[in-house]
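Visitor: Would you be able to build a 3D model of this:
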Amino acid sequence: MSNNLPISAFIISQDEEDRILMAINSVKTLVDEVIVVDSGSTDNTVALAEKAGAKVIYNKWDGYGKQKRFAEDQCRNTWLLNIDADEEITLKLADEITEIFTSTPRADIYKVHIVDVFPHEKTAKKWAYGYWQYRLYNKEKGRFSSSSVHDTVRPHAGAKIARLKGKVDHRSQRSIQFTVEKFNRYSDMQVQDMISRGRRISPLRLLTEFPLAFLKSYFIRRGVFYGLWGIVDAHNYAYSRFVRLAKYYQYQLIERAKKANKER
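Guide: Alright, predicted model coming up:
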């Protein structure tokens, strides 16, 4: 592992043999160490990660936030860089991070733009939709939350935040089948999170969620620029938003039925 910058990169993984090398190779010559926290891969993820020079540690899965907090604790450096197993640091971003550490960083936490790359693409389009997340940070100034669903860094009071110009390529979709299975699993976690937080959602959203989410994906998330693939992706996105509400509504109906039976 290159002893380049005083940064620990960490990645959480499970069954990522087709993507883990892409993630590791994008950071391993940039940082001091790469930590992979694996939650029980049954494929070659662990062997490939170790061969690439990463330190692999097993930790039983307990949700996104807690897994990333565990990974933070395994890192020897104060400065941390987090990427997921389906992400790749671009060369422009790597150069930008290197420039930051030629002297003392001026911020405590840096936001990174993470952009979508579809299975048929080598890298993100110029117009690709993306979102901003805190990914390069001083762990004394912020840590990941312990939420099982929302894996995001929570800055400490007074932390200085800045944005980076370079991007992270995000290959979240292996295939349509994989995508459907993923948002089916994720929606289960979202429902449990809503239940635990006592959220209340109007049943009327069952009528509006799909069409509004479709329009959001096709226009706001720029699916319109992808031709027919934009239509496909918009339908997938809309269904992923709808199904979590449908599952929550189902939960409410079952709970009401249980309550009614007890009152008889």
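
Visitor: Tell me which residues touch Y226, please.
Guide: Shown in contact with Y226 (C-beta atoms under 8 Å, 6 or more residues apart in numbering): 118, 125, 233. In short, each C-beta sits where N, CA and C put it, glycine included.

Visitor: filter those to the buried ones?
Guide: 118, 233 (16 or more other C-beta atoms under 10 Å).

Visitor: any chance of the contacts of Y226 in JSON lines, plus secondary structure?
Guide: Compiled in JSON lines, the contacts of Y226 are given as follows (DSSP: H, G, I helix; E, B strand; the rest coil):
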{"residue": "F118", "secondary structure": "coil"}
{"residue": "K125", "secondary structure": "coil"}
{"residue": "D233", "secondary structure": "helix"}
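
Visitor: of all the contacts of Y226, which comes closest to K160?
Guide: K125 (32.1 Å; C-beta to C-beta).

Visitor: Apart from its chain neighbours, what residue comes closest to that closest one?
Guide: Nearest residue to K125 in three dimensions, chain neighbours excluded: F225, at 7.2 Å (C-beta to C-beta, 6 or more residues apart in numbering).

Visitor: quick one: secondary structure of the one you found?
Guide: With three-state DSSP as the criterion, F225 reads helix.

Visitor: and it, how far is that from A238?
Guide: Look at F225 and A238: by C-beta to C-beta, to the nearest Å, they are 18 Å apart.

Visitor: higher neighbour count, these two?
Guide: A238 (20 against 13; other C-beta atoms under 10 Å).

Visitor: For the more buried one, report the pLDDT, please.
Guide: pLDDT recorded at A238 is 98.

Visitor: so it, which of the three states?
Guide: Strictly by three-state DSSP, A238 counts as helix.

Visitor: Please identify the buried residues of stretch 117-129?
Guide: The neighbour-count check on stretch 117-129 (16+ other C-beta under 10 Å) flags 117-118, 124, 128-129 as buried.

Visitor: Contacts for it next, please.
Guide: 90, 115-116, 130, 167, 169-171, 173-175, 221-223, 225-226, 229, 233.
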